[in-house]
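# let me see the structure of the following:
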Amino acid sequence: MALGGLAEVFFGVRAEQQSLENIARPLTAEEADAAWRDEPAPQDARDRSRPERDRRAADEREQRIADRTARRRERERTGARRYRPGTGSGSRMYSPGTAGTAGTASRTSAMAEQRLDDEVEQITQALQESGATSRDQLEQAVSGRSWGPGRFRRALRESEREARIKGVGKSSYAPADGRGRSGSAPDDPHDQQ
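Below you'll find the model as predicted:
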């Protein structure tokens, strides 16, 4: 505690009763100033310094996440789900007890979408490396149990919806590029589209 007090004396900023914008310049202000001076925004300059392959991969990832989110919203608006009571997943209602309940615009929701994309990518990579594999072996290969309850199943379902993998046999999966057996449908009716 004493070290914290000394650090505050030397490095502290007088910020009582002041807004954050008065203390530190917001990043969006830097971008606005750069646009006013006809200069590239700092984030744009950083993006241009990245290799083309990395930029293309990031753009593809953002597009996959946007498409997945749009498909989920469409599914939630159709059928019996649209009559589900409550505020719904896209609501921006205030919830005093739970953080991150602001709907799809919240940061935690965006992070969850990125984690789902990473998990889908892991499943796809594992199947490309090993070929047709049973569900249990695939879950073990990607350490799906450590992802959390229901996350492996959701990532598997999304991989199938995006046609990155295909169900073969009773509970086996293969990469969508054709390695492995073909000709059968997934055994879980919830996984079929």
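# residues near M1, how many?
By the criterion of other C-beta atoms under 10 Å, M1 has 5 neighbours. Bear in mind the C-beta positions are built from the backbone N, C-alpha and C, glycine included.
# how much space separates it from A24?
26 Å (C-beta to C-beta, to the nearest Å).
# what's the answer for Y173, then?
49 Å.
# do the same with E74
Following C-beta to C-beta, the distance that separates E74 from A24 is 41 Å.
# strands of the chain, residue ranges please.
133-134, 165-168, 172-175 (DSSP state E).
# kindly reformat those as a markdown table containing distance to S109, mean pLDDT and mean neighbour count.
Output for the strands of the chain, formatted as a markdown table (distance: least, C-beta to C-beta, whole Å; pLDDT from 0 to 100; neighbours: other C-beta atoms under 10 Å):
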| stretch | distance to S109 | mean pLDDT | mean neighbour count |
| --- | --- | --- | --- |
| strand 133-134 | 31 | 92 | 18 |
| strand 165-168 | 25 | 90 | 22 |
| strand 172-175 | 27 | 92 | 22 |
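# export those as CSV, with columns for distance to A112.
Formatted as CSV, those follow (distance: least, C-beta to C-beta, whole Å):
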stretch, distance to A112
strand 133-134, 26
strand 165-168, 21
strand 172-175, 23
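# among these, which is nearest T78?
Comparing the strands of the chain against T78 with C-beta to C-beta, the closest turns out to be strand 165-168 (23.1 Å).
# show me what that closest one is packed against.
Secondary-structure packing of strand 165-168 (3 or more C-beta pairs under 8 Å, 6 or more residues apart in numbering; DSSP states H and E): helix 107-130, helix 151-161, strand 172-175.
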